[in-house]
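J.: fold the following.
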Amino acid sequence: MASRPPGSKDTGGACPRCQVYSNFTFERYVVTVYESRTVTERQAVERFEMGGFRQGRQLEYRRDRLAKERVIQALCQRCKRVTLVIESFQMSRWVVVDHWPRGNIVVPNHVPETIKALFTEAASCLQTGAPRGAAIMTRTTIDAAIQDCGASGPDTKQRIASMTDALPKPLIDMAHELRLGGNDATHEFKHNWSVDESQELMEFLRLLLHQLYEVPQRLKAVQRTTARRRSAK
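T.: Numbers count the residues shown, from 1 in each chain. I've put the predicted structure just below:
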């Protein structure tokens with residue numbers, strides 16, 4: 001299931017408050033920021049907490065200016081609590097750039113502490129609005145994980161190729177996308193790296209870590225149960 005928070009164009013997502021995938025109702029714009037006014041996320045959150053906005057009220061309304069940023073109240077249909085979604089108008093569309101609260105970082109089960117620290121750093125980059133840093137860290141994390149699981153080779157590309165016995169081809173392809181994404185984020189400075197791109201890579205990374213660490217442990221647990229059942233006959 002997708003781990004990204006909701007946006008005005010995609011009302012399903014992971015709730016930062018109850019940590020469960022849910023649908024959201026977008027109740028009202030808390031504040032709209034136009035070219036003629038700058039309001040920081042911190043100011044918007046503080047004013048939200050103080051109840052400084054009435055239903056339907058915007059901080060500033062200028063028909064002769066283009067809206068650049070907005071903060072929206074999103075109501076989780078599961079826990080009935082509100083999350084603030086911060087969006088920026090980019091390339092003719094509204095893009096989620098942050099949300100508040102940001103929620104806890106959930107690491108896949110059975111991941112070693114060294115890999116867990118790398119995964120947490122990648123997720124933290126995404127949460128704090130550094131998508132390029134997140135993309136770079138997803139590449140670092142999967143390279144460290146496959147080496148921990150026995151990959152061999154002089155570079156990341158060959159190490160991924162050596163994992164064909166441990167990973168099915170679709171996941172091998174995902175690992176290469178993490179490698180290429182991290183390379184692009186490092187070297188392609190002209191590309192405006194987006195939150196959506198890094199969220200996609202984080203989801204690939206989560207699936208890969210699940211396959212590398214959680215699936216083998218769950219399989220061993222089932223095998224132990226099967227062995228006990230057969231020995232009891």
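J.: for residue 70, give me phi and psi.
T.: In terms of degrees, to the nearest 10, the main-chain angles of residue 70 are phi -150, psi 150.
J.: domains of the chain?
T.: Per automatic domain parsing, the domain ranges recorded for the chain read 12-100, 113-224.
J.: any idea which element residue 147 lies in?
T.: Taking DSSP states H and E as the definition, one finds residue 147 inside helix 131-148.
J.: touching that helix from outside, list them.
T.: Identification of contacts with helix 131-148 by CB atoms under 8 Å, 6 or more residues apart in numbering yields 111-112, 114-115, 118-119, 121-123, 125-126, 156, 159-160, 163, 175, 178-179, 181-186, 193-195, 197-198, 201-202, 204-205, 208-209, 212-213. For the C-beta atoms, the positions are set from N, CA and C on the backbone; glycine is no exception.
J.: repeat that for 6 Å
T.: For helix 131-148, contacts defined as CB atoms under 6 Å, 6 or more residues apart in numbering pick out 115, 118-119, 121-122, 125-126, 156, 159, 163, 175, 178-179, 181-182, 185-186, 193, 195, 198, 201, 205, 208, 212.
J.: can you count the residues close to the residue lying closest to residue 214 once chain neighbours are set aside?
T.: Leaving aside its chain neighbours, residue 214 sits nearest to residue 109 (4.7 Å; criterion: CB to CB, 6 or more residues apart in numbering). Residues lying near residue 109 (other CB atoms under 10 Å) number 11.
J.: go on, residue 195?
T.: There are 21 residues near residue 195, going by other CB under 10 Å.
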